[in-house]
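J.: Could you work out the structure for the sequence below:
(2 chains)
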Amino acid sequence: MSRLEAKKPSSCKSEPLTSERVRATLCVLKGILTSSYGPSGRLKQVHNGLGGCVCTTSHSSALLSNLPVTHPILKILTTSMQNHVSCFSDCGLFTAILCCNLIENLQRTGLTPTTVIKLNQQLLCLCTSYLKSESCGCRILVDFSRPQTLLCLVRSIVTSKPASMLTREETDHISALVLRAFLLTIPDNSKDRLILGKSIIVPLKGQRVLDSSVFPGILLEMSEVQLMKILPIKKSDAFKVALFCASLSGDLSDTGEGTVVVSSRVSLENAALEQLLNLGRQLVSDHVDLVMCQKVIHPSLKQFLHMHRVIAVDRIGVAVMEPLSKVTGTPPIGSLGSISPSSYGSVKDLCPAKFGFKHFLHLIPNEATICSLLLCSRNDTAWDELKLTCQTALHALQLTIKEPSVLLGGGCTETHLAAYIRHKICNEPESILKDDGCTQTELQLITEAFCSALESVAGSLEHDGGEVLTDMKYGHFWSTQAESPSVVNWPDLLSRCGCGLYNSQEELHWSFLKTTRHPFAPQTCLPHEATGSANNLTLDCFTAKLSGLQVAVETANLILDLSYIIEDKN
Amino acid sequence: MVMACRVINKRRHMGLQQLSSFAGTGRTFLGPLKSSKFIIDAECHESVLISSTVRLLESLDLTSAVGQLLNEAVQAQNNTYKTGTSTLLFLVGAWSSAAEECLHLGVPISLIVSAMSEGLTSCIEEVVSLQVPIHNVFDHIDSTKTFSGLETFSGSLCPFLQIPSDTGLQKEHDLKDVASPSLTIYNLSGIPVKSPKLFRPQAEVEADKNTLQNPQTLKNSLLTGNHYRKSILIHSRHFNRTDNNQWINKPDGFLEQHGAASPHTYRCNDLVELEMGLSHGDHNSMKLVDEAVRLQYQNASMRQGSCTMPFRFDVSRLFTCCLPGVPETFSCVCPGFVTVVSISNSALIRELQNQPLRIILIEGDLTEYYRHLGFNKATNINTVLESMKVQDSSEELWTNYVLQVLIKFHVNLVLVQGNVSEHLIEKCIHNKRLVLGAVNSSVMQAFAEASGAVQVTYITQVNENCVGSGVYVTFWRSIPSDVMDRINIITIVIKIEGINLVTVVLTSPVTAQMQSKEDRFWTCASRLYYALKEQQVFLGGGAVEFLCLSHLQILAEQSLSKRNHICSGWLHNTSSWLASSLALYRSTVLKCLANGWHKYLSTLIYNTANCSSEFEASTFIQQHLQNATDSGSPSSYILNEYSKLNSGIFNSAISNKLEQIPSIYDVVIPKIEAWRRALDLVLLVLQTDSEIITGLGHTRLNSQEAEDFLFL
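T.: Numbering: from 1, shown residues only, chains lettered A, B, ... in the order given. Okay, the predicted model is just below:
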């Protein structure tokens, strides 16, 4: 008997952004994000309240993926931020905070969404074309002959996450390792196009961070007993490898629906095992030295292979299958049926290795761009954060090799960009107002909203009650302690700007970021020698930040444009 | 799905407060004299007796986020090092109060983090000067001096008092607030329970054995026990070296003095000295460890012959066999595998003894339906019988098959890592074959190496190559049979020539104590393991902590005068104002950190009953601190005065044994790692400002809690 239930009517809400609840929740979300931003950001304990594991983090991907928000507007926001993070890894918090700031500021202007969106789009274009232009004052071209710039980029990313609990020495060590791991993924001789390899992060929790290291090739974790069984490894020039992704555990492959009836004299298990042993015989006659299986190998097959001095390693997991197939130069074998001699790959050498309390089999490739980054940390929480951070840094390096530029970090790009836009709009408003039918006042309002949104992202770097300032020459970001006396000698109180490029001893004038100031033209075109000599710059990934800027503005536009939310309540 | 989010530090830092209250529960576990606690579940009236930090945390309700992080940190320390957890727990408490104090004084969080981790790093660099190198301790291993020789004054360590919870002891509710509502922690008496039995003359211990049978008299002995506190304790981890000349006179160069001006240089090249120093008062456990090491050493030198590979103490080849209900004194160490079997096997064992047996090793279960990990059984297969012939059940068939294999390969002994089918065991007993289940994997490995057997998963895999030989099974009769009969078990020993396996038989008349006895044995074993592995130890007894304390105080003074200092962490290459104002706050933060050490030391002294109050202990430390600072170099002060420290406190009772009082040592890396873990946890919690709870319905929060939460 089926039961029919009347459908509930859908609900429809107009002008969702004006609702008090939406504003309050947006405000909470923004609070969570801004308080996590930057190297002195506060951490969040994320857990399910029922005894699940506690994740202490300030990483955008960990935060956003764990925020199961209910309101559609917040959903749009978090989803588009997650999209950004999954494509670029870096600048997730920047994007999310900027988006929240934009929504808040633009809504306050009270202009019609059409005007807002149109002008917003124009301002975004202005930003991107400036950032990409030759004359950009906050972009540095990466010189690959000097690793210093890349190292600064990695270090900036590593230090931006306090939950990884690194000391200074550990930060240097990890930054150098990440850069080394990245360099190992670049092929030696690439002809027309560059295909980057992969760095696999191998966990080793409970050890000291300084014990972390990088190895070319792959480390397969094994139990000591298992490793003892395959030792000693006979020496040869190259090891012939069979790599299986199909299970060799001897269970029956999918029997489909319905019931299979077999006679008691027939043993399906034995038949399956016999098939496996046939496979084993073929592997032995093909002189395979090493059999690896993503899933389980039947103990009897293992015993058979061992008797014929073939090393068998099983349960290696899906994560390393792709790198393994790269290292061995063969696609994984998916069926037990037809195995041709061409299905085998090879590795140069094998050796057992022990790090901390874990045992590994180390596969050394002939020439491949795969390396293993053995990452150690004292506690689980810090390890998880460190892993995320290293992945972000590796990704940022990959993006940088495609687009060899970096942006000045530490808030300087944001304030510089805001100064540039302000000045541009003040002096050449007609370039934007040409045929849009917007008034100059509207443009002024939107520009102010846009620029102060950018500036308050930079201001979010400050969490300890300090004051933030900007200088009137470069438009860079400076910070000082709160309640400075009204008449102060700024050059003595300030040391360097946020990115570390300029110091306060130059003839500069400062103004608080929150106060209004006359638009000025920030100095464009970074002098080459300035960037070349500086060793401790804070840098941001160019591609990620540019995309973050675009995603933030476009998401804000989308949300501002919403006039109805229709929800199916069934 | 609803997300809730709670702001943690509105006014006070809740996380830090939770940490310090959790840590408060373990205060009495610090030092060699650990008082035990009963933890009673108010709902089902079950109680556990615990005497270590790890077991304490296992029994507490730690479902809050901070509690879980704490548990995670302690578990990680315990899983890696098996020692240092009480230190970790205590320092978590002390330093979270320190961090809170800094917050109170208005120090920005980032600066607390930076200055504290810098301070600890500096301490760790400083204490290198108190490391004692270990040299060739195995060179003199064959000499007559053994651990048991030193044992005479140690008596029996028995930090627990085995009293049923209903003997009318005072309850103490001071810890109730930190435990979950369903848990109440009782101390056995008004004051934290000391261990009155420690280091009593042997006669007293003997007397105790009698009292154990009678809870009432035991209770009396507990209540009168406290008068021993001051007079008889001669050995503690803290500062209680009573004589300073003996070391220089040691013939084996235990301590040398290079010139008059330079500080003492300590060296350790005697195994017994090392073990005594690392026992931290638990002589009984360390004595067993000593015997185990000696057995392994003899084993290794026999196996190697003339080859001179350096000997390595291998903890993974130690196995413990617990026999509850057997008096304490029967604990012992013996080569091979000692295990308990059911009484029904005795005829079989009698049959099998005195002849070499063939053995197979099965990893996994030995049951009909066991399949290896990763094998998925198809659910939709029906088996049909084609004839109506009466057949044995499939279990019978399988059992017979197993038996056939055993007979075919002349196997009389089967060791199985997992479970074994009951039916099979019975059948095998009839056929004069012994099958033992639930065998530890390192035992399996040891037998594989010594007998040549290869571990297999299924009985079908057995072939001639898998079978090992030369194994002997016999009754293990080191415990008088009348004792064993009383507890109705039989113990057997399985041996083979050259097996690298030592079984430590732990006995205790009280079942509730068994667990902690085993824990304490492993703690001693791993202390010795790490000391031998690192080839160095710290001067113990609080010396390193004392140096940290005085070092931090000096640093704090210096940072007041010297402004520009290199800063650590992320601050070193940042241009934030925080970097430049670190100098302003550094001294404040370092002082708070130092206070943590001070608390640690005074609790340690108080717990070891050297002082009657924590205040007295604190004054005592203060006094030495002043001297150390005045001397100009705290580390040389400690090295020179180490042996004199505390000499005024103990004198009379032990004067005749002076030459036997050993130095006290601590393991290096486990200790430092415990410090780091403690500070990491505190700083992690300090930097946390909100708690995000995922997937929680509105309903599950009670109304009072819900006020603190914001919903998204």
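
J.: so where do the helices sit in the stretch 451-570 of chain A?
T.: Counting by DSSP state H, counting those that start in this stretch, the stretch 451-570 of chain A has helices at residues A:490-493, A:528-533, A:542-560.

J.: To A:Leu77, which of those lies closest?
T.: helix A:542-560 (6.3 Å; CB to CB). Glycine gets a C-beta too; all of them are placed from N, C-alpha and C.

J.: Summarise which helices and strands that closest one is packed against.
T.: If contacts are counted by 3 or more CB pairs under 8 Å, 6 or more residues apart in numbering or on different chains; DSSP states H and E, helix A:542-560 sits against helix A:72-88, helix A:92-109, helix A:113-132, helix A:380-402, strand A:405-408.

J.: so A:Phe204 sits in a helix?
T.: To be clear, residue A:204 is Leu; Phe isn't right here. No: A:Leu204: not assigned to a helix; according to DSSP: H, G, I helix; E, B strand; the rest coil it is strand.

J.: Is it correct that it is in contact with A:Phe355?
T.: Yes: contact criterion CB atoms under 8 Å: A:Leu204 and A:Phe355 qualify, at 5.8 Å.

J.: Mind listing the shared neighbours of the two?
T.: Residues within reach of A:Leu204 and of A:Phe355 at once, by CB atoms under 8 Å, 6 or more residues apart in numbering or on different chains, are A:211, A:374.

J.: neighbour count winner among those two?
T.: Neighbour tally, A:Leu204 and A:Phe355, criterion other CB atoms under 10 Å in any protein chain shown: the higher count belongs to A:Leu204, 21 against 18.

J.: how near is that one to chain B?
T.: To chain B, A:Leu204 is 11 Å away according to CB to the nearest CB, to the nearest Å.

J.: Might you list the low-confidence residue ranges for the chain?
T.: Reading this off chain A. Within chain A, the stretches with pLDDT under 70 are A:1, A:190, A:253-255, A:435-436, A:484-488, A:528-534.

J.: um, chain B though
T.: Scanning chain B for pLDDT under 70 picks out B:1-11, B:140-265, B:305-308, B:385-392, B:561-575, B:609-610, B:641-662, B:696-712.

J.: And the residue of it closest to chain A?
T.: Nearest to chain A, among the residues of chain B, is B:Gly374, at 2.9 Å (CB to the nearest CB).

J.: so what's that residue closest to, chain neighbours aside?
T.: Nearest residue to B:Gly374, sequence neighbours excluded (CB to CB, 6 or more residues apart in numbering or on different chains): A:Val296, at 2.9 Å.

J.: Next up, the contacts around that neighbour.
T.: Listed by CB under 8 Å, 6+ apart, the contact partners of A:Val296 are A:247-249, A:314-315, B:372-375.

J.: that older thread, I'd like the helices and strands packed on helix A:542-560 as JSON lines, with mean neighbour count and distance to chain B appended.
T.: Below are those laid out as JSON lines (neighbours: other CB atoms under 10 Å in any protein chain shown; distance: least, CB to the nearest CB, whole Å):
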{"stretch": "helix A:72-88", "mean neighbour count": "19", "distance to chain B": "6"}
{"stretch": "helix A:92-109", "mean neighbour count": "24", "distance to chain B": "13"}
{"stretch": "helix A:113-132", "mean neighbour count": "18", "distance to chain B": "22"}
{"stretch": "helix A:380-402", "mean neighbour count": "21", "distance to chain B": "6"}
{"stretch": "strand A:405-408", "mean neighbour count": "25", "distance to chain B": "12"}
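
J.: What segments of the stretch 451-600 of chain B are strands?
T.: Per DSSP state E, counting those that start in this stretch, the stretch 451-600 of chain B carries strands over the ranges B:468-475, B:490-496, B:502-508, B:536-539.

J.: still on that earlier bit, now restrict the contacts of A:Val296 to buried residues only.
T.: Applying 16 or more other CB atoms under 10 Å in any protein chain shown to those, the neighbour count classes A:247-249, A:314-315, B:372, B:374-375 as buried.

J.: Could you report the distance from the spatially closest residue to B:Ser581 that is not a sequence neighbour to A:Ser160?
T.: Setting aside the residues directly before and after it, B:Ser581 is nearest to A:Gln481 in space (CB to CB, 6+ apart), at 5.6 Å. From A:Gln481 across to A:Ser160, the span is 22 Å (CB to CB, to the nearest Å).

J.: Please apply the same query to B:Leu295.
T.: Noted for B:Leu295: a distance of 54 Å to A:Ser160, by CB to CB.
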